[in-house]
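# Curious how this folds, go ahead:
(2 chains)
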Amino acid sequence: MADGNIGLWTVPLAVLGGAIRVSTPFLFVSLGECITERSGRINLGLEGTLVMGAMSAYGISYLSGSPWLGVLAAGLTGALLGALHAGICSLPRVNDVAVGISLMLFGTGLAFFLGKPLIEPTAARLPAIDFGWWSDVPQVRAALRINVLFLIGVALAPILFWAFKTTRWGLLIRTAGESADAARAMGHSVLAIRLRATMAGGFLAGIGGSFLSLFYPGSWNEGLSSGQGITAVALVIFARWDPMLCLWASLAFGGAAALGPALQSVGVTSGYHLFNAAPYILTLLIMIITCSPKRTLSGAPAELSITR
Amino acid sequence: MDFGRISRRHLLQGGAALTLGAAAGLRPAFAGDTTIGFIYVGSRDDYGYNQAHAQGAAALKKLPGLKVIEEEKVPETDAVEKTIESMINLDGATLLFPTSFGYYNPHMIKMAAKYPKLRFEHCGGLWSEKDPKNAGSYFGYIDEAQYIAGIVAGYTSKSGKLGFVAAKPIPQVLRNINAFTLGAQLANPKATTQVIFTGDWSMPVKEAEATNSLIDQGVDVLTCHVDGPKTMVENAARRGAFVTGYHVNQSPLAPKAYLTGAEWNWEALYPKFVKMLAAGESIPNFYRGGLKEEVVKISPYGEAVSEQARKHADEIKAKFLGDGYTIFKGPLKDNKGNTVITAGTERGQKDPELEKMDYLVEGVIGATS
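Residues are numbered from 1 along each chain as shown, chains lettered A, B, ... in the order given. Just a heads-up that it's a prediction; the model follows:
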């Protein structure tokens, strides 16, 4: 142990570390999408929101020197993009899936355009809290350097779970998602509820993006997201629109992403393409196991355009 | 505002008009003496492959009578043909540098056949007699620079474990991994290089995970062959490991951790090409070179590089610059125990066998498939 050689223990440790490091953007985007979809709308544009969030967080952190301002800016950018999505979707005869796809392209394109001058400079990063102080194994300490955003995300999942179940706001969002007519009959504006839900979802997705550029991998470049926003949206579906399941699914995805590199580092070199594809295989498997032609997905909001 | 009144058709029409206007406005016509077009597959300030070419383009901008135009993020599809056409027809470009590997065949070949009076120079392609005479391919023996970086890495590593974050197991990448390892073994015969393939040229999260996994395994000096080394360099430096760079000098990103690096030297080569054309000579269709020909170079040593490492590295570098030096010579075994170069055989840099490399040498931990 003293010479830092931990052999095969690298793999579980890397999966644990990966679950913590890689999962955060998945967690924020999926929780955000969870709020939006519970209100009866799908925002596929969160990939664009994630990238825009990453870019604006990096830019603001670089210009102001404060990474936390960057996180806030990312959240606000995300909320703005959410408002745009909700605004367009409030027009009659507009399909939310199509708007989402165009906003995904818009968000990534705009982020690449505005982010051009940000590729080279190095911005102030978010700090990490050292939870590995009890261990003298450097690998454990490295795996347990945890960012506050991760902890916020982990705390947010049960809070959302509770909020959906017991609060007035949670009930309103669910009503808008299950039956727009019922919400209207109660005297609430469905569009206003969905606007707020989409903005909240965008806010969280933006923050997820700030984690990418300000903590891990920790710099702005154009390949930064490589589809994580889209994966997170898919993740909501197999997490059955349940915030707690979103948390577990995000952790599993993070761990799965770390599996490929970790196995190669201990010498399991054959089939690394397969291990690199682990997160996607996981998605497919869960989809196959849980799908049924006889019923709609349990837990799916009835107003969602894909289930209607 | 009443959005209901604006029909979507109007919006689409407006959008299309805007796009057209923007596309036309971005390319003003001008009258320079010679216009040179550069096409990049990614962003030109990526601290990597594209930035290296952009530095070469910047060197040309300083020369009088030259106009340099650039376009970034052009995919390796028909899109590059359109870019080439517009550079020729709208900007009057007469010399073109489509810099990415996938531009060569069929796209650049097709354009070269269509415009036989213009000159096309491609980085990394393999020009053959069948290809148009006004097309050419150039590349550098960057494995020479990787070999020297390997020597420095071998001396600096305390654990004797080096790490290599690689994109794909193609010959160019394998050659770098092997040269780096052989260089390190000059310094420390027991040195090993652990390689992790991420599967693609730009996968920041995978690269960061690979970096962390390697360091968890006790690796203390890392290098890479991906498009943008920034992720590896920054994450390794954060964990307290040393790095050697690739493509361009990444020392501003991690001044303490940066030992040295294998860099392209396009800012030396491109002006040479232009001078050849200006003098009425033609650029050789198949152009290759290493340290001696100033196609590649080595970053200045960082402060952590020991006196002994500098001395040994400089000694080998002098051989490359002088009468030449062979990296790949027999007897050489791959990491499965097969002999890949028999005793007595020397494979010099220009040996075409090396451009087909499909093995990892003894001392590399990893597999090509």
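# Quick check: end-to-end length of stretch B:276-293?
Start-to-end span of stretch B:276-293 (C-alpha to C-alpha, to the nearest Å) is 15 Å.
# Equivalent analysis for stretch B:39-54, please.
End-to-end distance for stretch B:39-54, by C-alpha to C-alpha: 9 Å.
# So it, near chain A or not?
Yes: Stretch B:39-54 lies within reach of chain A by C-beta under 8 Å from any C-beta of the partner chain, at B:Gly42, B:Ser43, B:Asp45, B:Asp46, B:Tyr47. Where C-beta positions appear, they are placed from N, C-alpha and C, glycine not excepted.
# Columns neighbour count and secondary structure on top of those, output as CSV?
Formatted as CSV, these follow (neighbours: other C-beta atoms under 10 Å in any protein chain shown; DSSP: H, G, I helix; E, B strand; the rest coil):
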residue, neighbour count, secondary structure
B:Gly42, 23, coil
B:Ser43, 24, coil
B:Asp45, 20, coil
B:Asp46, 26, coil
B:Tyr47, 27, coil
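# from those residues, which is closest to B:Ala278?
B:Asp45 (28.9 Å; C-beta to C-beta).
# Might one say that the closest one is in contact with B:Gln51?
Yes: judged on C-beta atoms under 8 Å, B:Asp45 makes contact with B:Gln51 at a distance of 5.5 Å.
# ok so, going back, which of the residues of stretch B:39-54 next to chain A sit farthest apart?
Distance extremes for the residues of stretch B:39-54 next to chain A: the farthest pair is B:Gly42 and B:Tyr47 at 10.8 Å, using C-beta to C-beta.
# list residues touching both of these two?
Listed as contacting both B:Gly42 and B:Tyr47 by C-beta atoms under 8 Å, 6 or more residues apart in numbering or on different chains are B:Gly228.
# helices and strands around the longest helix belonging to chain A, which ones?
Identified as the longest helix of chain A according to DSSP state H is helix A:10-38. Packing partners of helix A:10-38 (3 or more C-beta pairs under 8 Å, 6 or more residues apart in numbering or on different chains; DSSP states H and E): helix A:46-64, helix A:138-143, helix A:148-166, helix A:168-178, helix A:190-214, helix A:228-238, helix A:243-265, helix B:204-216.
# Which among those is found nearest to B:Lys311?
B:Lys311 sits nearest to helix B:204-216 of all the helices and strands packed on helix A:10-38, at 27.9 Å, using C-beta to C-beta.
# where does that closest one sit relative to the chain's centre, distance-wise?
21 Å (C-alpha atoms, centre = their mean, to the nearest Å).
# by how many degrees do it and helix A:10-38 diverge?
Angle of helix B:204-216 versus helix A:10-38, following axes from the mean of the first three to the mean of the last three C-alpha atoms, to 10 degrees, is 150 degrees.
# the inter-axis angle of helix B:204-216 versus helix A:228-238?
Using the same axes, to 10 degrees: helix B:204-216 against helix A:228-238 is 90 degrees.
# going on from helix B:204-216, what's the next piece of helix or strand?
Per DSSP states H and E, the first helix or strand lying C-terminal to helix B:204-216 is strand B:221-225.
# For the nearest residue to B:Lys319 once chain neighbours are set aside, give me the pLDDT.
Counting by C-beta to C-beta, 6 or more residues apart in numbering or on different chains, the nearest residue to B:Lys319 once its immediate chain neighbours are dropped is B:Tyr325, at 4.0 Å. The model reports B:Tyr325 with a pLDDT of 93.
# Please apply the same query to B:Thr193.
pLDDT recorded at B:Thr193 is 96.
# in a strand, that's where it is, yeah?
Yes: with DSSP: H, G, I helix; E, B strand; the rest coil as the criterion, B:Thr193 is part of a strand.
# Was I right to think it contacts B:Gly363?
Yes: when contacts are counted by C-beta under 8 Å, B:Thr193 is listed as touching B:Gly363 (6.4 Å).
# what residues are shared contacts of those two?
Taking C-beta under 8 Å, 6+ apart as the criterion, B:Thr193 and B:Gly363 both touch B:Thr181, B:Ala184.
# So which residue is smack in the middle of chain B?
Against the mean C-alpha coordinate of chain B, by C-alpha atoms, centre = their mean, the closest residue is B:Tyr49 at 4.5 Å.
# Count the neighbours of A:Ser66 for me.
By other C-beta atoms under 10 Å in any protein chain shown, 14 other residues sit near A:Ser66.
# Quick one: residues contacting it.
Shown in contact with A:Ser66 (C-beta under 8 Å, 6+ apart): A:Ile60, A:Ala124.
# Look up how far B:Gln308 lies from it.
Separation of A:Ser66 from B:Gln308 (C-beta to C-beta, to the nearest Å): 44 Å.
# Give me the buried stretch members for the longest helix of chain A, please.
Applying a neighbour-count criterion of 16 or more other C-beta atoms under 10 Å in any protein chain shown, one finds A:10-11, A:13-38 buried in helix A:10-38.
# what do you get for stretch B:200-217?
In stretch B:200-217, counting by 16+ other C-beta under 10 Å, buried: B:201-217.
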